[in-house]
Each structure stands twice: as structure tokens, then as C-alpha cells.
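Q: fold the following.
(chains A, B, C and D)
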Protein chains: 4
Amino acid sequence: MQIIDSITIPEREAKTHKGDYGRILLIGGNQNMGGSIMLSTRACVYSGGGLTTVCTHHSNHAALHSRCPEAMVSDLADIKRLTKLVTEADCILVGPGLGLDIKGNNTLTFIFQHIQPHQTVIIDGDAITILSKLRHPLPDCEVIFTPHEMEWERLSGIPIDEQTPDKNRASADKLGAHVILKKHHTELYLKSGDYKINKGNPAMASGGMGDTLAGMLAGLVGQFGLEDAIQYAVYIHSKIGDQLSETMYVIPPSKIIDEIPYMMKRLEQ
Amino acid sequence: MQIIDSITIPEREAKTHKGDYGRILLIGGNQNMGGSIMLSTRACVYSGGGLTTVCTHHSNHAALHSRCPEAMVSDLADIKRLTKLVTEADCILVGPGLGLDIKGNNTLTFIFQHIQPHQTVIIDGDAITILSKLRHPLPDCEVIFTPHEMEWERLSGIPIDEQTPDKNRASADKLGAHVILKKHHTELYLKSGDYKINKGNPAMASGGMGDTLAGMLAGLVGQFGLEDAIQYAVYIHSKIGDQLSETMYVIPPSKIIDEIPYMMKRLEQ
Amino acid sequence: MQIIDSITIPEREAKTHKGDYGRILLIGGNQNMGGSIMLSTRACVYSGGGLTTVCTHHSNHAALHSRCPEAMVSDLADIKRLTKLVTEADCILVGPGLGLDIKGNNTLTFIFQHIQPHQTVIIDGDAITILSKLRHPLPDCEVIFTPHEMEWERLSGIPIDEQTPDKNRASADKLGAHVILKKHHTELYLKSGDYKINKGNPAMASGGMGDTLAGMLAGLVGQFGLEDAIQYAVYIHSKIGDQLSETMYVIPPSKIIDEIPYMMKRLEQ
Amino acid sequence: MQIIDSITIPEREAKTHKGDYGRILLIGGNQNMGGSIMLSTRACVYSGGGLTTVCTHHSNHAALHSRCPEAMVSDLADIKRLTKLVTEADCILVGPGLGLDIKGNNTLTFIFQHIQPHQTVIIDGDAITILSKLRHPLPDCEVIFTPHEMEWERLSGIPIDEQTPDKNRASADKLGAHVILKKHHTELYLKSGDYKINKGNPAMASGGMGDTLAGMLAGLVGQFGLEDAIQYAVYIHSKIGDQLSETMYVIPPSKIIDEIPYMMKRLEQ
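A: Sure thing, here's the model as predicted:
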């Protein structure tokens, strides 16, 4: 397992416009957990995603725009519009605050039915738990899972204390997906190999931190090669956390987001 | 009465996750006083509470998420969900902006009926006034009261100008609860003994300051031993207030909240 | 006309609490002009008003709490609650964003009917225009008007280019009220005499600046003697504006508000 | 094509008030793209527009006021009020987040029917695409278009790779309008001549950046001569972007807005 000690982000080319940095669709946030998708959204925008649209419960629209006017919104119950948005997206993130009820199931099923081979789907949070139960075959496109250890147990069937690199690798291969296993030091089981990021700290142990990482990942997938994007997202997220932990005992995820554009600049080649 | 001159907050252990820092349930905020529970919520999150959920009037959801996407919300009128949330919480705060009408009464009664011995309940603001009238026996679990002098008079029956340490101590013992008596210099009547915190200043005399302290307390109870949490909360709250008062004539409670993670880091051992 | 060159704000006494700094009621903000009362509200809280409640159109509640959770809200259409709030307030501000329609008329009439001699009422913005038409006799309590020149023409009958100190003084006497005449350099016609504040600048010429001053005034009336409060409010408002204009071409009123507690501290004796 | 290397903004005159800096009407923001008009609004206010009113879908009101209380709002469906607002405005911006459906068409048609010769209309975003289809004759007043290259292709009929200065100039003349062609380095086809602004960078390639420029332009048109305002808006927007790009890899448009008053001060003569 290769340790990722540093990354270098390529400079943006001069004559580019927002259309060159991806159309991102974020799906999540029910009536109770709208904050999750709000964190993902702002993380996506602050990571440089070109055009960000959010499908969420309509009760979340006002707060979402209040926090992040840079994103567009759509009512998750508006299936016609969801169909259009899924079709147009380069990258789809599904899961943050989605909920585990029938609506969540239907949303995930719908996406699996409509996603196309050239697209990337990131399956996070509740969507992992739903998939662990529904056991849908994965769609024919790039798939990224972002489980913490408990979610990985549900998805892979490997109990937490047996989650060794070898077993995780085998399970990722069987899934045919990229896996970001969030734990003390995050492990990446990518198609190209296994990686570990020796960063991150317990000041980051707070609700919404995973939603933030998922949003960053979505924003970066629109801009960089898939495996680069994954490595960048985890590295930047942890690196900011380590930096903030020098002065903060706990780090509200919103504070991570504020720092993304600055950290990315420092990591620019 | 022992003076608390300084505190030292233990470092977080390396391999921990949000689940190790408590599931906190905050209950309050009617149609008119939603700001109170919003202050408590952000104070809880910024103090490091692991997972924070808020039960409040539905009209408060948008503003709450706009200020603090890190928390989850639930409609206080959704009793089924409230039951589930009360069952799962480690620590419950009830009272900020709850209101003194029949709904407030019912909420407090409901919590008293469902709370379990391993849980902690913090009774603040309107919930103290309600209890002073309803005279319910306290539930069989750790109970913390956070009255100001007038609320303490209502709860203990001791008139403000007769609130001596001895009488307060006797009343706290009779209640079988921990009491944080908010006044010029806050007094703590804990089960282990009496304490005083010689900090705080009149720049902190503004609406919402108590809601902020209550939220901090809830966030800390999820992380530390109960009496440590109480001492930390009052100390940190007053210490930040003293620091900000060097440059601010009055301190809006929101400004206290912004500083919590930084002050906690400075107090880390 | 005496020039006010400097002010000194008295230190807060040690053993005081929020109840010592006034109960302020702010009334305004219809469906279109809710931002006005939001500016007044945060200005009131940041000036140190003890307990601030806002009566406004219900569509403004979410944004108001999102910006200022320290305040309480009430639906302006809830007359029963308005009656209670008017009765309990020390100081009432009416006018910012109130609107000039029948609802605005009714609100002003209602307040005039219910206000009591020990209370102070600040009549600002649309409420001045309404009163200029309705010609109600002023209530038997301290009244402060905060007109700009056009509103003063409406209220006093003096055309803008004839608004000399003598005529203004006579008109203020006839009204039996304190008048803050907002212009290039603001003039105060108080019961004790005439004052001028040689501060302020054209970077402050933007919508909402008057709402901010009115809110500051309400917050200060709860803490200081009436004429002191008026002088402090205008001085602090202009002084912050002058300071910010050193680096800002235009000053959004929200930026004035952010600075109030710091400027007040610098002016503390 | 003249290069604009620097600008100097005239100082505000001392005895001016908000009425001297324009009445601006911003129209846009449907149920899905409200964030666009929120960005335009705050950009307008932070650029110094005297009085800013926004006509938008009612679901956007709370978030708009939460972000920018300095502006007034009106429901776009309230035609009576829209008529009044259009009549009173000095400058009208239409388009950000307007949507391409029948409502968008009707709104643009309505404005074209009611606008008067002394007014200025800025046609941005979706309104350009709508006009490209409807082919309404332009109203008899100053018209500014703010297309990116694709929108300019739709409006002018010139394919992107054939958009030479000569052809653009001819097309602008035929339209009888001012054209701000947003691309790598923005080109201005004004009635007085052609200009280019050699500023801007790919960190600015993100959704909402154009809405921000449009709002700035509206705010400046209320204060300065029309062609000056256009040059100022594009220059300030790009200059801030260049400055922020020194420390930020990507620039969320909200961050551009925060800097406007400071940059304008630095450019003051």
C-alpha cells in the first residue's frame, strides 16, 4: 500500500471556461438531513466544480441558497427534471443526507437505471447503506464508494476488525469500483492500486465531515482524471484538517470548506 | 466554595470518530423564539459534539440550516421521530426558546417519561419555568439545571436576595441535580461539591447568552465526564467573554460561538 | 447649534444582566422590504440592546433569524401578541420597511393607542410618511423622529431648501419631539438643545443606512439616558462610516453593524 | 481595439444621498436558479447602487434577504408591482437565472413593452438566449448585452470561431447596443469604440461569475456615465479576480463581491 505524502495540482489552462470544469449533480438531503447536502454543495463549488446542481427536498432550498448561491437547485420530487439533470451530468454524487426510507431507495434505483457509461457516480453515506440492502448490480460506469468502516462492513460484508488491506482490495475488485475507506488514516482502493494517506486527526471527528469530503470529490472529478481527483480530494481534506487542528480543538466542516481554494493554490504545481 | 481558576482539556485520542463524541439532542425553539435553539445548536457543534440533532418548530428549519448545516433537524410536532431521537441520544438539552404554553409543557412531560437512566438531561430556560409549575418528579438519570437567579427562585423557592451558597446547596441536594446558577460570577452546585468561576463580565449581558452556554454544555457532555463538562462549559464561555470584552463593548452570543474551538485548543493540556 | 466632536460612553456596571439593558420592540418589514427591519434588528443587538423582539411579516422570519438569532420574532398580523409586546417594551421602533399601505397605517395607529408615558417610541422611515398624512396627535411619551430631508418636509411642512435651524427648532418644539434630521451632516433637535455632528460621508449613501441608524438608536435607548442615546447613536454610526470609508468606496450598512461593538469599546470612558 | 490598462473612479461628491446613485431593478431567479440573482443583487449593492430592488420567484425571498438585507424584493408573478418598479427604475438588469420557459419569455416581452427611452436595460444570461429566439426589436433606450461566446453566437449569428473584432463590431452596430463579450479576455463593443481588458484568469471559470459581473454593471450604471460604468465593471471584476487568484485556485463569485468596495476605493482618483 503506497503512502501518498504529497500531491501537486496542475495549473488551470488559460483559455478555459466553467464548462471545462464539469457539470456536477449532487443528490441528497431529505427533510431532516438537509445540512449534509449543503455541506457537500459548498465543498463542490469551493473545489472548483464548474456547474453545480443540487437535487434535494424542497424544504432545503432556502438554506442551501443562503449558504451557496453559486449552485442551482431542483426539487428531488420533480422526476422529470431529475431525469434531465442525470442525463446532462458529468459526475453524480448521491447519498449525503438522503435518508434510508423508500424515497432514498427509489432515488438510488432511478440513478442506476439512468446513468450512462461515460459518467461517474459517487455513492456516499445513506446511499451505501441502501445499496448494501438492495444489492443492485452496479451500473456500467465509473463508481466510487466513500464508506466509513461500518458502511464498508455493510457493503463488503467484511466485519470492521477483519478489514485488512488484502480483503478490502479483493472486495473492491469484486465490486469493480474505487473505494475510499474513511478511517483514522484513509485508505484508497483504486483500480490502479492501493494507497494510504497518513493525514487527518481526531479534531475532524464531527458530523458532516464525510459530506464535505464527498462534495470535494465531486467537484474535483469534474476537473481532473478520476484517480487523481480521488487522491487530491482525500489529501486536501486531511491536509486542511491538520492545518486547522493546530489552532482548533474541533473543526466544524464548514471551516474545512472555507480553506479549500487556498490549500489548492498552495498545492498547485 | 472552590474557585475554578483554570481548566485543562484532555487531548482527543487519535483513533476516534464522531460516534465517540456523543449523540446530542437539542429541543426548543417555538415559532417566536427559534433563534435561541439556533444559538444552542451552533454552540454545541462548535464545542465538538459528535452528532447534533435539533427538534424545533418547522418554521425554524431553514434558518437553522442556514446558520449550521452540521446539525440535523426534526419537526418538534413529529412525536414518532422525537421518540426515536430521545431513545438514541446520550445527552438531551431541553428549553431554549421552548415557550411557556401547553406545547412546552407537553414536550417536557414527554421527555421525562422517555428518558433513561444512562442519559443526561439539561434543563434550561423555559423548561425550568415549566418544571417549577408542573412540579414533576425528576427522571432517574443525571439532571443539570442552568437557571439564572429568577429561574432559580422559581425552581428552588429561594428568593433572589436569600440565595446563599448554603441554601442553594441544600436545594440542589434536595433536587438531586447539578445546578449551574448563572449570575455575576456563576456558581456550580455539583454532586461532588460547590464551585465558583470568577470570570464573566457585563458585556455578556445580552439575550441569547444563556442559550449559548446551554448548547456548549450539551456538546461537552458528549465528550467528557459529566462534572468536567460542566466546569469546562462555564469556564470556556466566561473566558471567551472576558477575552472578547477587551475589544467589544457588548458581545453578541454568536461571537462567543465563533471562538469556542480556538479557546478549547488553547486550554488543551 | 452645538457641534458634537466626541462622545464618551460610560462603562457597564459589573453586576448587571440583560434585563438592565432594555426590552426593545422593533416593528416593520412588509413582504417587500423585510431587509430594512433585519438591518435595524442586528444593529440593535450589536449596540447592546438587552432583549430584542421584532414584529414583522411572517415571510421575513427565516431570513431574520438566519442573520440574527439573538432576536425574537413575532408575526405582525398577530395582534394579540403585538399588544403584549407593546405593553412590555421599554423602547419601540416603528417604521423600517413598514410600507405605506393600509396595514402600515393600522400598525402606527395601534401603537399610538397602546403606548404608555414611560415608554419611548422612535418613528422612522415609512412611519414618518404615514404620520405626515394621518396627522395623529403624538402619544404622551418620549417621541423621536429620524427623518431625512424629504421626510422632514412631509412631517414639518418646511420645504427642503427652507429647512433652517430656526425653523427646524420651532417645528420640533411644536411637535414636542426629538428630531434627528439626517442630511450631509446630521442635525439633532433635542428637547435640551440643538446639535450637529460633523461626521459622515457619501460612501454611506446607500439603501438601508437609515434603518441601521434607527436600530442602533433603539438599542442604545434601552441602555442610556434618552438624549445621550440619541447623540451616541448618530455619532457612532457616522464615526464608523468615516473609518470604513478610508478603505471602502461604498459601505454596505451590514458592514457598519459589524463594527458597532468595537467602536463602542473604543469610545468607552 | 483599445486596451484598457487602468481605470480611475471619480470620488463621490460630498452632499449626495442614496437617491443620487440610482434606482436599480434586477429581474431573474426562477425556482431553480435563484442563486444567480442573489449574486447579482449583492454585487449591485456592493458596487454602490443607491436603491436596489429584486423581482424574483417568491421561493427566493428568504435566501436573498438572508444574504443581502440591503435590497428590496418583489414576487416576479406580481405584475402590478413589476409595472411600477419598471417605471421607476433608472437601470434594469434582466436575465440571471431567469429560465428559458414561457415565464422567461413573458418577462422579457413585458420589459421591452414598458421600458422608456431614458432608462438603461442590461440583457444577461437566459434573457439573451430568449431574445435570440423571440427576435423582438430592441426597445428605444440604451441596451447592454453581456453574452459569453455561445450566447453571442445565438444572438449575433456569428459562430464562435468566426467571432472576429470586425464581425462583432458590425453586429453590435446592427443591434444598436453595447456588447460585453465575455471570453478569456473580455471585449467591449461600445457605441464609442472597441476595447479589450487584458485581465481575468481561469480561476474565475465557475458558475455565477457572469451573474456577478451583471450585478456590478447594474450598480455602476446608476452612478456613472454609461460607457464608463461598463468599463469600470469589467475592469474591477477582472482585477479582483486576478488579485484573488494569487492565493486561490478557484474563486467562488461570492468572494469577488466581498472585495468590490475595497477595490473601488483603491481605484478612486
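
Q: quick check: phi and psi on the nearest residue to A:His58 once chain neighbours are set aside?
A: Residue nearest to A:His58 in three dimensions, not counting chain neighbours: A:Asp75, with 4.5 Å by CB to CB, 6 or more residues apart in numbering or on different chains. For the C-beta atoms, the positions are set from N, CA and C on the backbone; glycine is no exception. Backbone torsions of A:Asp75, given as degrees, to the nearest 10, read phi -70, psi 130.

Q: check A:Tyr189 too.
A: Dihedral angles (degrees, to the nearest 10) for A:Tyr189: phi -110, psi 90.

Q: got it, and A:Leu51?
A: Main-chain dihedrals, A:Leu51, degrees, to the nearest 10: phi -130, psi 120.

Q: how about it, what does it touch?
A: If you count contacts by CB atoms under 8 Å, 6 or more residues apart in numbering or on different chains, A:Leu51 has them with A:18-19, A:21-24, A:72, D:207.

Q: so which bits of the host helix or strand of A:Ile111 are buried?
A: Assigned by DSSP states H and E, A:Ile111 belongs to helix A:102-114. Using 16 or more other CB atoms under 10 Å in any protein chain shown as the test for burial, helix A:102-114 gives A:104-105, A:107-108, A:110-112.

Q: out of the contacts of A:Leu51, which is most surrounded?
A: Among the contacts of A:Leu51, the one with the most neighbours (other CB atoms under 10 Å in any protein chain shown) is A:Ile24, at 32 neighbours.

Q: so that residue touches A:Cys44, yeah?
A: Yes - judged on CB atoms under 8 Å, A:Ile24 makes contact with A:Cys44 at a distance of 5.6 Å.

Q: close to chain B: what parts of the stretch 151-269 of chain A are there?
A: By CB under 8 Å from any CB of the partner chain, the residues of the stretch 151-269 of chain A that approach chain B are A:183-184, A:201-203, A:205-209, A:245-255.

Q: of those, grab the buried ones for ChimeraX.
A: Per 16+ other CB under 10 Å, the buried members of those correspond to this ChimeraX selection:
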select /A:201,202,203,205,206,207,208,209,245,248,249,250,251,252,253,254,255
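
Q: please flag which of the residues of the stretch 151-269 of chain A next to chain B sit within helices.
A: Using DSSP state H, the members of these that fall in helices are A:209, A:253-255.

Q: can you tell me which of those residues is nearest chain C?
A: Comparing those against chain C with CB to the nearest CB places A:Ser254 closest, at 14.3 Å.

Q: pretty sure the closest one is touching B:Glu70, no?
A: Yes - if you go by CB under 8 Å, A:Ser254 and B:Glu70 touch, sitting 6.8 Å apart.

Q: what touches both of those two?
A: Shared contacts of A:Ser254 and B:Glu70, defined by CB under 8 Å, 6+ apart, comprise A:39, A:208.

Q: quick one: contacts for the closest residue to A:Ser156 other than its chain neighbours?
A: Using CB to CB, 6+ apart and skipping residues adjacent in sequence, the residue nearest A:Ser156 is A:Ser171, 4.0 Å away. Contacts for A:Ser171 (CB under 8 Å, 6+ apart) come out as A:156-158, A:179, A:189.

Q: for A:Tyr46, which non-adjacent residue is spatially closest?
A: Leaving out its chain neighbours, the residue that sits closest to A:Tyr46 by CB to CB, 6+ apart is A:Ile260, at 4.3 Å.

Q: for the residue nearest to A:His17 when sequence neighbours are not counted, what are phi and psi?
A: Nearest residue to A:His17, sequence neighbours excluded (CB to CB, 6+ apart): D:Ala205, at 5.0 Å. Dihedral angles of D:Ala205 (phi, psi; degrees, to the nearest 10) stand at phi -80, psi 80.

Q: any figure for the gap between D:Ala205 and chain B?
A: Per CB to the nearest CB, to the nearest Å, D:Ala205 is found 26 Å from chain B.

Q: does that residue touch A:Arg12 like I think?
A: Yes - using CB under 8 Å, D:Ala205 makes contact with A:Arg12 at a distance of 7.2 Å.
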